[in-house]
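Sequence isn't available, so here's the structure alone:
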């Protein structure tokens, strides 16, 4: 028997802003709202417990650490890496420098609150 990741929680200053951003990036929809102002997003028609984890944008006023010890990697599903990079930048993602050499096959980006994530090269099937 094993565990499976069912939810990812991201503390943030503006759950509305990040929920909209990550819904566009991942093709997710809003699934629900928490009493504390958090917003859960996930795959349309599936929700919690499906094959993909949901993402909860949880409001916090705590200062953010300089670099989170965990980041997300995303892969394009219906276009090549260059086209997906252009789409993510148009959504407001920004290039981020975490000390990469420039020879990597992935792009390091930051979301609208500066949370770092990577866009990988390999296209994978949409679930």
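Alright, I've got the coordinates. Just so it is clear, the model here is predicted, and its values are computed rather than measured.

Now do the contacts for residue 45.
Going by CB atoms under 8 Å, 6 or more residues apart in numbering, residue 45 touches no other residue. All C-beta spots, glycine's among them, are computed from the backbone N, C-alpha and C.

pLDDT on the biggest helix by length in the chain, on average?
Ranked by residue count, the top helix of the chain under DSSP state H comes out as helix 15-26. Averaged across helix 15-26, the pLDDT comes to 97.

Now it: buried residues?
Of the residues in helix 15-26, 15, 18, 19, 20, 21, 22, 23, 25, 26 count as buried by neighbour count, 16 or more other CB atoms under 10 Å.

looking at it, the fifth one is touching residue 111, isn't it?
This points to residue 21. Yes. With contact defined as CB atoms under 8 Å, residue 21 and residue 111 form a contacting pair (5.8 Å).

on that earlier part again, which member of the buried residues of helix 15-26 is positioned nearest residue 53?
Within the buried residues of helix 15-26, proximity to residue 53 (CB to CB) peaks at residue 26, which comes in at 10.3 Å.
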